[in-house]
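**Student:** Sequence first, then the predicted structure:
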Amino acid sequence: MTWRERPTATCEARSGLRAIQNSLQCNNRGLVCGRTVKEGQVMPLMKGTAHQLESITIRDEAPGDQPAIHEVHALAFSGPAEAKLVDEVRQSGDLVISLVAAEGDLILGHILLSKLEAPMRALALAPVAVHPDFQRQGIGSAMIRKGLENAGHDGWEAVFVLGDVCYYSRFGFSVQAAKGYFSPYSGEHFMMLQLGPRKILTSGRLVYPAPFRSSGLS
Ligand SMILES: CC(C)(COP(=O)(O)OP(=O)(O)OC[C@H]1O[C@@H](n2cnc3c(N)ncnc32)[C@H](O)[C@@H]1OP(=O)(O)O)[C@@H](O)C(=O)NCCC(=O)NCCS
């Protein structure tokens with residue numbers, strides 16, 4: 001199922017469900033939650049989860065990381081398409097920011113930001129993947145926050161993403177802000193985040209790097 005085909009549920013409803021799931025997960029692991037998690041309340045990341053975020057470094061991709069990055073995407077997406085896309089964007093020279101979450105030599109997650117042709121200096125955030133054994137521990141969020149911070153420091157003015165609105169809105173991405181832009185991914189799961197104070201054009205055409213266009217992913 002693609003993001004476009006997913007049934008839309010309100011973030012509040014989903015966060016209620018997640019809180020219950022978190023609570024169950026917590027109890028299953030025999031961990032002490034510290035407080036009762038009520039429906040509608042999102043439990044913060046706790047110490048004592050399977051992996052400790054403090055031991056994880058978010059850093060630029062380094063030579064030699066590529067096979068592990070490929071594997072993380074293939075596992076997270078249960079197939080090779082996104083892994084192949086990352087390899088191709090790297091080869092095409094459109095890769096701008098490529099971050100891994102690493103614990104020692106182990107690559108647990110990866111995000112890619114690549115160059116868009118757009119009415120402003122803009123990047124596409126895609127794909128984002130965390131190894132299935134390490135999801136829901138804040139690793140994806142930490143990589144995205146660092147990626148956005150780096151992009152802002154480097155003078156990029158906007159980042160576009162296609163994905164789960166409940167997830168990406170927590171970083172400031174907005175469907176409304178993306179509405180004026182035309183891209184193959186435009187629609188109710190397409191979002192934009194402006195970086196920096198400069199006034200930017202609120203409409204225009206976005207052209208993704210060639211590997212996205214030939215990947216058939218949506
Ligand atoms: C989406 C993804 C990158 C998030 O990374 P993560 O480290 O698991 O996420 P975080 O711990 O930072 O954030 C947790 C949130 O992610 C979402 N999430 C994470 N894993 C999820 C899963 N398996 N099912 C549903 N939602 C999930 C939840 O909304 C959760 O919200 P909550 O904190 O309110 O419970 C990761 O789950 C993943 O790799 N998924 C498979 C690939 C994918 O779908 N990528 C995104 C599309 S490009």
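**Tutor:** Noted; the coordinates are in hand. What you see is a predicted model; the values in this text were computed from it and never measured.
**Student:** From the ligand, how far off is the most centrally placed residue in the chain?
**Tutor:** For the chain, the residue nearest the mean C-alpha position is residue 128 (4.1 Å; C-alpha atoms, centre = their mean). Separation of residue 128 from the ligand (C-beta to the nearest ligand atom, to the nearest Å): 4 Å. Quick note: C-beta positions are derived from backbone N, CA and C, even for glycine.
**Student:** what does residue 115 give?
**Tutor:** Distance, residue 115 to the ligand, using C-beta to the nearest ligand atom: 18 Å.
**Student:** ok, that residue - how many residues close by?
**Tutor:** By other C-beta atoms under 10 Å, 20 other residues sit near residue 115.
**Student:** Is it in contact with residue 92, as I believe?
**Tutor:** No: counting by C-beta atoms under 8 Å, residue 115 does not reach residue 92; the two are 9.6 Å apart.
**Student:** Touching both of those two, which residues are there?
**Tutor:** residue 209 (C-beta atoms under 8 Å, 6 or more residues apart in numbering).
**Student:** re earlier: let me know whether the residue nearest to the centre of the chain touches residue 142 as I believe.
**Tutor:** No: applying C-beta under 8 Å, one finds residue 128 not in contact with residue 142, separated by 11.4 Å.
**Student:** what residues are up against the residue in the chain that the ligand sits nearest to?
**Tutor:** Of all residues in the chain, the one sitting closest to the ligand is residue 140 (2.2 Å; C-beta to the nearest ligand atom). Residues in contact with residue 140 (C-beta under 8 Å, 6+ apart) are 109, 111, 128, 130.
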